[in-house]
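In: starting from these lines, generate the structure:
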Amino acid sequence: MKTLISCISLFLMLFTQVHAEVTITLPNNSTPLLLNGKDIDTRQLISANGTQQILLNANANYREFGQQKRFVSEAIIVTFSGENNHYTLSLPKISTPKAAETFNQSPQVIVKDTKGNNIPYKIDTLVKEGIQVGRNYSEEIKTYNTGQGIAAVSLWQVSTAATVQQASSAAQATETVTETSHTIPETSHTSAEPSVEQVKNFQGTQRKDQINVGQMLDFWYEQADEATREAFKKRIGLETK
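Out: Residues are numbered from 1 along each chain as shown. Below you'll find the predicted structure:
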């Protein structure tokens, strides 16, 4: 049964990948955050044809006054349209404090397809005032998309995370149905007393069983010799006269 469920799950995932026509590679100097509103933690993405909205951070390391500095940009929103192709995003090199400041003020990326064509895109930053720790990017992007942001979208496309989750959910549903089909249904507990029909059926079964037992006793008693008959009578408490 487990093998069957695993095969179904694998089939669903492969079926999904065949129909997920867009693949995207994010740059190594980035931190992936969201794809079409879904959390991601990989730079290799799969999505359905249509509008792609990616949220990421740009990362960089540089030296300032002899000390190593690490730069993490504002959350960047990149939106573009993709269909039946592989797309690669790249970020500019950030090696000075000035370059980091410039990037935060006016972020730029490059989006190319497999033929090296530059793909048009829209870009914006997802800014949050105050403390930045523990941000809920999924909720923030929903709010952003309800407004008039440059890179806002109105409808989500199916993302890798959603696709995998749907395949997993389908496999779990299959397992649940399979297990349920082998489960003995519980009797109703609406009433503690047996119904009249149940009593009749039970009594009828008892009578049939008693008749069968009586017939068997009669048969074996007739087949036994006298000594065995006497022993049987003593065993059931009957005295011979």
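In: this protein - how does it break down into domains?
Out: Domain assignment for the chain by automatic domain parsing gives 21-157, 196-235.
In: and those, which is most packed in?
Out: Highest mean neighbour count of the domains of the chain: domain 21-157, a mean of 15 (counted as mean count of other C-beta atoms under 10 Å). C-beta here means a position set from N, CA and C on the backbone, and glycine is covered the same way.
In: which regions of the protein lie under the pLDDT threshold?
Out: Per-residue confidence for the chain (pLDDT under 70) gives these ranges: 1-20, 131-132, 155-214, 237-241.
In: helices or strands up against the lengthiest strand in it?
Out: Ranked by number of residues, the top strand in the chain under DSSP state E is strand 50-64. Strand 50-64 sits against strand 22-25, strand 30-35, strand 67-72, strand 75-82, helix 97-105, helix 137-145, with contacts defined as 3 or more C-beta pairs under 8 Å, 6 or more residues apart in numbering; DSSP states H and E.
In: quick one: which of those is nearest residue 44?
Out: Evaluated over these, closeness to residue 44 peaks at strand 22-25, with 6.0 Å, by C-beta to C-beta.
In: which other residues reach that closest one?
Out: By C-beta atoms under 8 Å, 6 or more residues apart in numbering, the residues outside strand 22-25 that reach it are 35, 43-50, 52, 54, 82-89.
In: Provide the strand pairings for that strand, with the direction of each partner.
Out: strand 44-47 (antiparallel), strand 85-90 (parallel) (DSSP bridges).
In: spit out the contact partners of residue 56.
Out: 26, 30-33, 75-76, 78.
In: that one - nearest residue in space that isn't next to it in sequence?
Out: Excluding the flanking residues, the one nearest residue 56 by C-beta to C-beta, 6 or more residues apart in numbering is residue 30, at 4.7 Å.
In: same check, this time on residue 224
Out: residue 232 (7.0 Å).
In: just checking, that neighbour is part of a helix?
Out: Yes: under DSSP: H, G, I helix; E, B strand; the rest coil, residue 232 sits within a helix.
In: that one and residue 222, how far apart?
Out: According to C-beta to C-beta, to the nearest Å, residue 232 and residue 222 sit 12 Å apart.
In: residue 124 sits in which helix or strand?
Out: strand 122-126 (DSSP states H and E).
In: ok so, going back, so which of the strands paired with strand 22-25 is nearest residue 236?
Out: Closest among the strands paired with strand 22-25, once you apply C-beta to C-beta, is strand 44-47, at 79.6 Å.
In: now flag whichever of the contacts of residue 56 is closest to residue 101.
Out: Distances from residue 101 to the contacts of residue 56, taken by C-beta to C-beta, are shortest for residue 76, at 14.9 Å.
In: so who does the closest one touch?
Out: Applying C-beta under 8 Å, 6+ apart, the residues near residue 76 are 55-58, 107, 109, 123-126.
In: out of the residues you listed, flag the one nearest to residue 137.
Out: Distances from residue 137 to the contacts of residue 76, taken by C-beta to C-beta, are shortest for residue 55, at 6.0 Å.
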